[in-house]
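Colleague: 3D model of this:
(2 chains, ligands or ions: 5)
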Amino acid sequence: MSIEEQYRTRAKELLSGGAVKMVIGYGKGSNASRRRPIFISSADDVERLVLDDACITNLSGYLVSEGLLSDEKRVAVFLRPEGIRAINILAAESQLDADQIVIFGFDVAGNEVKALKGIHVEEFSDVITSIKESAPEAAEEELFEKIEKMSPQERFSFWQEEFSKCIKCYACRQACPMCYCRRCIVDSNQPQWVNTSSHTLGNFEWNIVRAFHLSGRCVECGNCDRACPVNIPLRLINHRMAEEVLGAFDHFAGTSKTQEPVLASFKKDDSETFIL
Amino acid sequence: MTKILFSDKLDNCVERWKSAGLTVIGPVQRANISTYAAVEHASEFDFGLVLPDRSIKDLFFPQSEPMLRYTIKKESIDTDECLPPSGPRIIFGARPCDASGMAIDDPLFGWDYKDEYWFQRRNESVIVTIACTKADDFCMCTSLNMAPDSTKGSDILLRPLAGNKGWLVEELTNRGREAFKTIADILQESSDLPAPLAVVEKKFDLDACVAWLQNPENFESRFWKEISMRCIGCASCTYLCPTCHCFDIQDEGDTYTGIRRKNWDSCSFALFTMHTSGHNPRSTQSARWRQRIMHKFNYFPGKFSVNSCSGCGRCSRQCPVDMGITETLQEISTLSL
Ligand code: SF4
Ligand code: SF4
Ligand code: SF4
Ligand code: SF4
Ligand code: SF4
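Modeller: Ligands and ions are numbered 1, 2, ... in the order given. Coordinates of the predicted model:
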């Protein structure tokens, strides 16, 4: 049985027995290369679920949609390892109760889909540890290295050109499972911390604020990068910040549901006198 | 016999227009994104694109536009109005769905208040459209009763000849004729035939959709919730759309001095209709998605007798969760059967 069929069968069992109220997975998209998120609530609809190498979107963000989990019922969700890490972070940040989440784990190597064993998030810690240890490279190592070697002025110009393309559509934020704030700092106008205009300064402010808010929390799922309609290479920022946090604090985001948030926790005996 | 503009003469035309004081704009690919932007030479154009990622709207209604500068003094407030940069321009190589998009928005910007930012740019622009010989899965002009060679909103229509050799010239407006007078001697007579147009299948029955939308019973239909469940509420679809025109007015500065700007806004955002009290009449994403569809295919045509959609397909092409106007209207056409 293919993994797709196995997971359809499992979804059918869970839904018909009432063990979960919904399965969030992938369905056919508007053309052959696209898959789209689908929400299955009836066992009769499980045939709509698709699982193949085109299933890329990290679906974990849907779990924190307003009201979805408030009835304490369980929800199942198809997740790649990055999505599983996201569940740990959301649980650690008290955004959801991990016991309510049933995971249909999978990973893609080449164009082969393999199932990841486990149901609850704790059962995937080996997978996450092995990713941490394999120290994944940036998606475009060459460009990444090139930027690393730039002088601060050159790097500034590079990002200036990229950010000048931003239209403040906030697709990056909306697509990100970690951007769950009900009122984002850029939507606050009393006081207005960040310019709403998408001129170069406003775009810098937005993208830098977001980079900081995601440092130590980003799981490098790539949702933001793929969502950006103007192709700003957000993946480069994410990867740089993840490396920074790993180097400075040995913190790899999303290893467990009790992991302390690296930039949101402090100790009284901290040697630093300043807290960000 | 028709007039032909040969591709290898385009650079001469660009030179000619530039010396006549026109800014020459067209489809280009820069910094990993395709847009309509000013060029110095014809070689910068990219006519191979189905259509640019960013719509032509950017040239008429930019994402952030200064309206006035102000200084608040003890007894008075000084203001200094900002007008859009002026100067004639020629937009060479627009797509029919982009050109028509601007014509669709004209009545909106000129309805109760004549938006001088919009009309100054409209009056100073010549739009030279190139008919499409290729389309992608998301093009849907024909579903909106338009076509890959629609002339709506264009001053000149060019029909490509086979083998990228050049274009047959159809002059549509006086403004177009004026701009082409400058290059009259560069054009040649020919009996060459145009290359076949792109084939764009109809994706839905627009009349059936409109009838369904106009039926008040469907306002509260469960359909809205089901279709929009995966919508993440970004503004990618509205900001790339040539016809979406909503904006917000923001003051930017400190207590005493600043600048008032007109910035794009989107009905997809939760904040769009949020009241100061915290109440939001469109409190769910489904209500917001319904608004977008209703506005484009019910309210806007009710007021201006034209749909607020030109069929460019950008909303569906770029949606991070593979949604868009196309799917919604396709679904509605099946509901209305
Ligand atoms: S910042 Fe981007 S890559 Fe990181 S978790 Fe959010 S969506 Fe994923
Ligand atoms: S998705 Fe891209 S264009 Fe949109 S706000 Fe984010 S960085 Fe800017
Ligand atoms: S939608 Fe029609 S007019 Fe627009 S690019 Fe596609 S084929 Fe051309
Ligand atoms: S339809 Fe797609 S692009 Fe539009 S708001 Fe929803 S998620 Fe964003
Ligand atoms: S609604 Fe979609 S297809 Fe219609 S004009 Fe806007 S972006 Fe293009």
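Colleague: pLDDT wise, what is the residue of the stretch 101-250 of chain A at minimum distance from ligand 5 at?
Modeller: For the stretch 101-250 of chain A and ligand 5, the shortest gap (Cβ to the nearest ligand atom) falls at residue A:229, measuring 11.1 Å. Glycine gets a C-beta too; all of them are placed from N, C-alpha and C. What the model reports as pLDDT for residue A:229 is 98.
Colleague: repeat for the one 5 residues further on
Modeller: Each residue has a pLDDT score; the one for residue A:234 is 96.
Colleague: for it, give its distance to residue B:98.
Modeller: For residue A:234, the distance to residue B:98 equals 27 Å [Cβ to Cβ, to the nearest Å].
Colleague: parallel or antiparallel, which strands does the biggest strand by length in chain A pair with?
Modeller: Secondary structure of chain A read by DSSP state E shows that its longest strand is strand A:101-109. Here strand A:101-109 is paired, per DSSP bridges, with strand A:75-79 (parallel), strand A:112-116 (antiparallel).
Colleague: just list the residues touching residue 187, thanks.
Modeller: In the absence of a named chain, chain A is used. Residues near residue A:187 by Cβ atoms under 8 Å, 6 or more residues apart in numbering or on different chains: residue B:271.
Colleague: that's the other chain; I wanted chain B
Modeller: B:3, B:4, B:5, B:169, B:180.
Colleague: hmm, which two among the residues you listed are most spread apart?
Modeller: Farthest pair in the contacts of residue B:187 (Cβ to Cβ) is B:4 and B:180. Separation: 12.2 Å.
Colleague: mutual contacts of those two, please.
Modeller: B:169, B:187.
Colleague: residue A:184 against residue A:173, yeah?
Modeller: Yes - counting by Cβ atoms under 8 Å, residue A:184 does reach residue A:173; the two are 6.3 Å apart.
Colleague: flag every residue of the stretch 1-150 of chain B that's near chain A.
Modeller: Contact residues, the stretch 1-150 of chain B versus chain A (Cβ under 8 Å from any Cβ of the partner chain): B:31, B:32, B:33, B:53, B:54, B:63, B:64, B:137, B:138.
Colleague: hang on, the second one packs against residue A:231?
Modeller: Yes - counting by Cβ under 8 Å, residue B:32 touches residue A:231, with 4.6 Å between them.
Colleague: more neighbours, residue A:234 and residue B:98?
Modeller: Set residue A:234 next to residue B:98 and count neighbours by other Cβ atoms under 10 Å in any protein chain shown: residue B:98 wins out with 28 against 23.
Colleague: now the strands for the stretch 151-300 of chain B?
Modeller: B:156-160, B:166-171, B:188-190, B:247-253, B:257-264 (DSSP state E, counting those that start in this stretch).
Colleague: can you add mean pLDDT and give these back as JSON lines?
Modeller: Below are those laid out as JSON lines (pLDDT from 0 to 100):
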{"stretch": "strand B:156-160", "mean pLDDT": "98"}
{"stretch": "strand B:166-171", "mean pLDDT": "97"}
{"stretch": "strand B:188-190", "mean pLDDT": "90"}
{"stretch": "strand B:247-253", "mean pLDDT": "93"}
{"stretch": "strand B:257-264", "mean pLDDT": "95"}
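Colleague: now tabulate those strands in JSON lines and tack on distance to ligand 5.
Modeller: Output for those, formatted as JSON lines (distance: least, Cβ to the nearest ligand atom, whole Å):
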{"stretch": "strand B:156-160", "distance to ligand 5": "19"}
{"stretch": "strand B:166-171", "distance to ligand 5": "23"}
{"stretch": "strand B:188-190", "distance to ligand 5": "34"}
{"stretch": "strand B:247-253", "distance to ligand 5": "16"}
{"stretch": "strand B:257-264", "distance to ligand 5": "14"}
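Colleague: out of these, which comes closest to residue A:212?
Modeller: Closest among the strands of the stretch 151-300 of chain B, once you apply Cβ to Cβ, is strand B:247-253, at 21.8 Å.
Colleague: for residue A:78, list each beta-bridge partner.
Modeller: Going by DSSP bridges, residue A:78 forms beta bridges with residue A:104.
Colleague: what is the burial count for it?
Modeller: Quick note: residue A:78 (other Cβ under 10 Å) scores 25 neighbours.
Colleague: residues contacting it?
Modeller: A:7, A:23, A:24, A:25, A:26, A:49, A:51, A:55, A:59, A:104, A:106.
Colleague: distance of it relative to residue A:91?
Modeller: 18 Å.
Colleague: so which residues of the stretch 1-150 of chain B form helices?
Modeller: Along the stretch 1-150 of chain B, counting by DSSP state H, counting those that start in this stretch, helices occupy B:10-19, B:96-109, B:116-123.
Colleague: between these, which one is closest to residue A:162.
Modeller: helix B:96-109 (24.5 Å).
Colleague: quickly check: that closest one near ligand 3 or not.
Modeller: Yes - on the criterion Cβ under 6 Å from any ligand atom, helix B:96-109 is in touch with ligand 3 at B:96, B:97.
Colleague: what's that helix packed up against?
Modeller: helix B:116-123, strand B:125-130, helix B:300-304 (3 or more Cβ pairs under 8 Å, 6 or more residues apart in numbering or on different chains; DSSP states H and E).
Colleague: and the strands of the stretch 151-300 of chain B, which is most packed in?
Modeller: strand B:156-160 (a mean of 23; mean count of other Cβ atoms under 10 Å in any protein chain shown).
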